[in-house]
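Visitor: Provided below are the primary sequence and the corresponding predicted coordinates.
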Amino acid sequence: MIKFILLELNQNPFNIFATLIFFFAIIHSFCTSNINSLANKIELNYHQKKIDKIVDSNSSSIIAGILHFLGEIEAVFGIWAIVLGIGMSYFFDWGTFVTYIDSLHYTEPVLIVVIMTIASSRPILKMSELLIWKFVKLFSGSLEAWWISILIIGPILGSFITQPASMVISAYLLSEKFYELNPPNRLKYGTIALLFVNTSIGGTLTNFAAPPVLIVAKIWNWSNIFMFTTFGIKSILAILTSTFFYFLLFRSEINKLKNTYALNRFKNYIQRKFISKKELEFAFDELEKEINEKLGFTKHFSENCNLIKEQIKLEAFDNFELDEVKKYTVDISIEERFEEIKISEMKRTIPGLLPIEEQPFYLDPYWDQREDKVPLWIMIIHTVFLVAALLNSHEPILFISIFLFYLGFIQVTPFYQNRLDLKPPLMVAFFLSGLLVHCGLQNWWITPLLSDLPPIKLNIIATILTTFNDNAAITYLSSLVPNLSDSMKYAVLSGALTGGGLTIIANAPNPIGQCILKKYFENGISAFQLFKYALVPTIITIIYFIPPLLSK
């Protein structure tokens, strides 16, 4: 391998440069939590300077802002793609880099935006919650039942609604049912690591839902029956074993959360049973009017505002001659500007004193957490949009058109929707696009490495490569190797699947889960901690997948 690299260095040094940039990006991705920790410390010090009035109270630390940007794992590969572009321009020219970027296919990142947005909608999440609840209520709706059900049923759903959609649903349900209880750090990492590993192998019951499977299924003529019998059954057993093993391992930590979970459930029941938000809002509105009439607050406020305004006019008149005051309508100018500022400030501080037509729209910060039911017909229509996008996942024009119709539908049914937040799906798409740019230049060493190995070693290499490459990229490159035997095909795919939970970049849906759940981890999700806690379920998966390789 060393001779091969030295030969490549002499013949095409750019390949070595591109791979070094790729590995620098991987190292950067492993350091994001440390970068965020440093940014938080700098931000805290800067905040103290604002308190001590050393710096402007309205300013912010530019250094902390830059470090926060560098600590966003979704931005890492995009940042290093800029370095790659500069390097390619040096070795060749800028046009070569542009041509290379144009040659890549960005269907998957664009599809991620569509699938993630629809799958994270309130109707889809509520429907998924209701489906899983059918199983959970058999166990009295316990916390353990929710934890086990989400981590088993969610990933297996990936075989039918695709892995990205199942990751969105599983991550959001874990966020609401589990992570909101503030579990200990050990349990946080154990849960997300198990989610990633289970999702990586949970899409193997069919030949169309998992990206690493989809890429090779048609080329290698692997049917749904073949996938289920060869990989699917093993995946289900591995998911069940890993989940129940981790449940036993973390049972004491989960038990400590049960009181908090029970209190939250009972609190939510009391609030839904005895408090009507609409009735209280009406009561408060009437109370505000009654108190205002009794105390005359609006009257006193207006009188004092007029005194301030007249004082400003007097100060202005002292700076002009009488004829200038009339000619330039100084009093009218002051009147207009004063009223503009007054209304703006009232909207910010005391909007209730304004006439109804001038009151600003109140953006309820807890709108997404409301308990209102979603009608069945809206759930069905959302499901139709999701399925339609999945069925046309290889045709960007079609699934983007479907997405535009979906956006139109949520505009006419806003009361049953949550706020549309495109930042998470766009950041995940940016992450995958950056990864695609770098992975596209690694085939010079990955393809030869995969072509001359016995099945068992090929399986190990595929697992290792998957930890710092998208597993779909590994299976794609293996599909380019001519005359690959059936045992080697099995070795590559099983290796790519088993390693898909070890890092955030190992499997395309992982960045989605990371984006949804990272807010529960101080300084972001540590790549080293994720790797550590993903090792056990990965080893369990290897044990289930490896017997056919040993028999070859």
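Guide: Noted; the coordinates are in hand.

Visitor: could you pull out the strands in the stretch 201-350 of the chain for me?
Guide: Shown for the stretch 201-350 of the chain, no strands are assigned by DSSP state E, counting those that start in this stretch.

Visitor: where does the prediction get shaky in it?
Guide: Within the stretch 201-350 of the chain, the segments meeting pLDDT under 70 span 325, 328.

Visitor: quick one: the helices in it?
Guide: 211-217, 224-227, 233-249, 251-274, 277-295, 297-317, 322-327, 330-349 (DSSP state H, counting those that start in this stretch).

Visitor: just name the most buried of those helices.
Guide: Ranked by mean neighbour count, the helices of the stretch 201-350 of the chain are led by helix 211-217 with a mean of 23 (mean count of other C-beta atoms under 10 Å). Every residue, glycine included, has its C-beta placed from N, CA and C.

Visitor: which strands and helices lie in contact with that one?
Guide: In this structure, helix 211-217 packs against helix 471-479, helix 486-498, with contacts taken as 3 or more C-beta pairs under 8 Å, 6 or more residues apart in numbering; DSSP states H and E.

Visitor: which residues sit against whichever helix or strand comes after the longest one?
Guide: Okay, so that is helix 486-498. Counting by DSSP states H and E, the element after helix 486-498 in chain order, helix or strand, is helix 510-517. Residues from elsewhere that reach helix 510-517, judged by C-beta atoms under 8 Å, 6 or more residues apart in numbering: 73-74, 112, 116, 120, 164, 167-168, 170-172, 174-175, 179, 192, 195-196, 199-200, 424, 427-428, 431-432, 500-501, 503-505, 525.

Visitor: now swap in stretch 487-499 and tell me
Guide: The contact list for stretch 487-499 (C-beta under 8 Å, 6+ apart) reads 200-201, 204, 210, 212-213, 216, 220, 230-231, 235, 450, 453, 455-456, 458-467, 471-472, 474-475, 478, 484, 506, 538, 541-542, 545-546, 548-549, 552.

Visitor: need the buried ones from these selected in PyMOL.
Guide: Entered in PyMOL, the line below selects the buried ones among those, by 16 or more other C-beta atoms under 10 Å:
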select buried, resi 200+201+204+210+212+213+216+220+230+231+235+450+453+455+458+459+460+461+462+463+465+466+467+471+472+474+475+478+484+506+538+541+542+545+546+548+549
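
Visitor: could I get the pLDDT score of Leu363?
Guide: Note on Leu363: pLDDT of 69.

Visitor: picking that back up, take the contacts of helix 510-517 and keep only those in helices.
Guide: Applying DSSP state H to these, the entries found in helices are 73-74, 112, 116, 164, 167-168, 170-172, 174-175, 192, 195-196, 199-200, 424, 427-428, 431-432.

Visitor: which one of the helices of the stretch 201-350 of the chain lies nearest to Trp367?
Guide: Closest approach to Trp367 among the helices of the stretch 201-350 of the chain (C-beta to C-beta): helix 277-295, 10.9 Å.

Visitor: that closest one: how far from the chain's middle?
Guide: Chain-centre distance of helix 277-295: 41 Å, with C-alpha atoms, centre = their mean, to the nearest Å.

Visitor: how long is stretch 176-192 from one end to the other?
Guide: Length of stretch 176-192, first residue to last, C-alpha to C-alpha, to the nearest Å: 14 Å.

Visitor: residues contacting that stretch, please?
Guide: Stretch 176-192 has contacts (C-beta under 8 Å, 6+ apart) with 143, 146-147, 150-151, 174, 246, 249-250, 253-254, 256-257, 260-261, 264, 513-514, 517, 520-521, 525-526, 529-530, 532-533.

Visitor: show me which positions of that stretch end up buried.
Guide: For stretch 176-192, the neighbour count (16+ other C-beta under 10 Å) marks 177-179, 181, 183, 187-192 as buried.

Visitor: ok so, going back, buried ones from the contacts of helix 510-517, can you make that a PyMOL selection?
Guide: In PyMOL, this line selects whichever of the contacts of helix 510-517 come out buried by 16+ other C-beta under 10 Å:
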select buried, resi 73+74+112+116+120+164+167+168+170+171+172+174+179+192+195+196+199+200+424+427+428+431+432+500+501+503+504+505+525
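
Visitor: give the contact list for the residue lying closest to Gly499 once chain neighbours are set aside.
Guide: Excluding the flanking residues, the one nearest Gly499 by C-beta to C-beta, 6 or more residues apart in numbering is Thr466, at 3.4 Å. Neighbour list for Thr466: 474, 495-496, 498-500, 502, 506-507 [criterion: C-beta under 8 Å, 6+ apart].

Visitor: ok, the closest residue to Leu480 other than its chain neighbours - contacts?
Guide: Spatially, and ignoring its direct neighbours in sequence, Leu480 is nearest to Thr447 (6.1 Å; C-beta to C-beta, 6+ apart). By C-beta under 8 Å, 6+ apart, the residues touching Thr447 are 477, 480-481.

Visitor: quick check: the gap between Thr447 and Ala496.
Guide: As defined by C-beta to C-beta, to the nearest Å, Thr447 lies at a distance of 14 Å from Ala496.

Visitor: what's the answer for Phe228, then?
Guide: According to C-beta to C-beta, Phe228 and Ala496 sit 18 Å apart.

Visitor: what does Ile543 give?
Guide: Distance of Ile543 to Ala496, given as C-beta to C-beta: 17 Å.

Visitor: do Phe301 as well
Guide: 68 Å.

Visitor: likewise Asn221?
Guide: Counting by C-beta to C-beta - Asn221 and Ala496 are separated by 18 Å.

Visitor: the more surrounded of those two?
Guide: Legend: neighbour count by other C-beta atoms under 10 Å for Asn221 and Ala496, higher for Ala496 (32 against 9).

Visitor: ok, and the closest non-adjacent residue to the more buried one?
Guide: Going by C-beta to C-beta, 6+ apart, Ala496 has Asn471 as its nearest residue, at 3.8 Å.

Visitor: which residues are in contact with that neighbour?
Guide: Counted by C-beta under 8 Å, 6+ apart, Asn471 has contacts 200, 211-212, 496-497, 499-500, 506-507.

Visitor: using a markdown table, lay out those residues together with distance to Asn306.
Guide: As requested, the contacts of Asn471 are exported to a markdown table (distance: C-beta to C-beta, whole Å):
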| residue | distance to Asn306 |
| --- | --- |
| Ser200 | 69 |
| Pro211 | 67 |
| Pro212 | 72 |
| Ala496 | 74 |
| Leu497 | 74 |
| Gly499 | 73 |
| Gly500 | 69 |
| Ala506 | 67 |
| Asn507 | 66 |
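
Visitor: out of the residues you listed, who's nearest Lys50?
Guide: Closest to Lys50 out of the contacts of Asn471 is Ala506 (41.3 Å), distances taken as C-beta to C-beta.

Visitor: returning to what we had before: and the two most separated of the buried residues of stretch 176-192?
Guide: By the measure C-beta to C-beta, Lys177 and Tyr189 form the most distant pair in the buried residues of stretch 176-192, at 17.6 Å.

Visitor: let's have the helices of the stretch 201-350 of the chain in a markdown table, adding distance to Glu129.
Guide: Shown next, in a markdown table, are the helices of the stretch 201-350 of the chain (distance: least, C-beta to C-beta, whole Å):
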| stretch | distance to Glu129 |
| --- | --- |
| helix 211-217 | 26 |
| helix 224-227 | 28 |
| helix 233-249 | 19 |
| helix 251-274 | 13 |
| helix 277-295 | 21 |
| helix 297-317 | 45 |
| helix 322-327 | 67 |
| helix 330-349 | 37 |
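
Visitor: tell me which of the ones you listed sits nearest to Asp56.
Guide: Comparison of the helices of the stretch 201-350 of the chain against Asp56 by C-beta to C-beta identifies helix 330-349 as nearest, at 20.5 Å.

Visitor: packing partners of the closest one?
Guide: Using 3+ C-beta pairs under 8 Å, 6+ apart, the elements in contact with helix 330-349 are helix 297-317.

Visitor: extract the C-alpha set from the helix it packs on and format it as CSV.
Guide: Extracted in CSV, the C-alpha atoms of helix 297-317 (Å, rounded to 0.1, in the frame of the first residue of the first chain):
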residue,chain,number,x,y,z
PHE,A,297,-53.0,53.6,32.8
THR,A,298,-53.5,54.4,29.1
LYS,A,299,-54.6,58.0,30.0
HIS,A,300,-51.5,58.6,32.2
PHE,A,301,-49.2,57.0,29.7
SER,A,302,-50.5,59.3,26.9
GLU,A,303,-50.3,62.4,29.0
ASN,A,304,-46.6,61.7,29.9
CYS,A,305,-45.8,60.9,26.3
ASN,A,306,-47.2,64.3,25.3
LEU,A,307,-45.1,66.0,27.9
ILE,A,308,-41.9,64.3,26.6
LYS,A,309,-42.9,65.2,23.0
GLU,A,310,-43.5,68.9,23.9
GLN,A,311,-40.2,69.1,25.6
ILE,A,312,-38.4,67.8,22.5
LYS,A,313,-40.3,70.3,20.4
LEU,A,314,-39.1,73.2,22.6
GLU,A,315,-35.5,72.1,22.4
ALA,A,316,-35.8,71.9,18.6
PHE,A,317,-37.4,75.3,18.3
